[in-house]
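Q: here is my input; please provide its structure:
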Amino acid sequence: MDRDKIGRAPNFTTACIVMFGVNLTWILLFLFALWGLVAAVFFGLVVNRWVDWLAHRRQMQETS
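A: As a prediction, this is how the structure comes out:
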């Protein structure tokens with residue numbers, strides 16, 4: 001039974017961050033090609049606001 005022990009899960013944080021950047025890049029390029037710079041900038045600002053909100057929320061949880 002000891003040989004069936006479950007090991008630690010690998011850390012995929014770096015892969016997740018890289019893929020977020022890749023996906024963000026193709027989405028912004030797609031929006032730019034479809035509707036122009038205004039839509040791409042607006043989407044970028046929305047994502048920036050969302051990331052700032054997540055960082056603020058995380059900071060509030062750490063101080064509690």
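Q: quick one: mean pLDDT over whatever helix or strand residue 53 lives in.
A: Per DSSP states H and E, residue 53 falls inside helix 37-63. Mean pLDDT, computed over helix 37-63, is 93.
Q: how far does that helix sit from the chain's center?
A: Taking the mean of its C-alpha atoms, helix 37-63 sits 10 Å from the chain's own mean (CA atoms, centre = their mean, to the nearest Å).
Q: quick one: list the elements packing against that helix.
A: helix 13-35 (3 or more CB pairs under 8 Å, 6 or more residues apart in numbering; DSSP states H and E). Where you see a C-beta, it was placed from the backbone N, CA and C, and this is true even at glycine.
Q: got the buried residues for the helix it packs on?
A: Going by neighbour count (16 or more other CB atoms under 10 Å), the buried part of helix 13-35 is 28, 31.
Q: can I get that helix in CSV, CA atoms only?
A: The C-alpha coordinates for helix 13-35 follow below in CSV (Å, rounded to 0.1, in the frame of the first residue of the first chain):
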residue,chain,number,x,y,z
THR,A,13,1.8,29.1,-11.8
THR,A,14,4.4,30.2,-14.4
ALA,A,15,2.7,28.3,-17.1
CYS,A,16,-0.6,29.9,-16.2
ILE,A,17,0.8,33.4,-16.2
VAL,A,18,2.5,32.8,-19.6
MET,A,19,-0.7,31.5,-21.2
PHE,A,20,-2.7,34.4,-19.8
GLY,A,21,-0.3,36.7,-21.6
VAL,A,22,-0.5,34.7,-24.8
ASN,A,23,-4.3,34.7,-24.7
LEU,A,24,-4.4,38.4,-23.9
THR,A,25,-2.2,39.1,-26.8
TRP,A,26,-4.3,37.2,-29.4
ILE,A,27,-7.5,38.6,-28.0
LEU,A,28,-6.2,42.2,-28.3
LEU,A,29,-4.9,41.6,-31.8
PHE,A,30,-8.3,40.1,-32.8
LEU,A,31,-10.2,43.1,-31.4
PHE,A,32,-7.8,45.5,-33.1
ALA,A,33,-8.3,43.7,-36.4
LEU,A,34,-12.0,43.5,-36.1
TRP,A,35,-13.0,46.9,-34.5
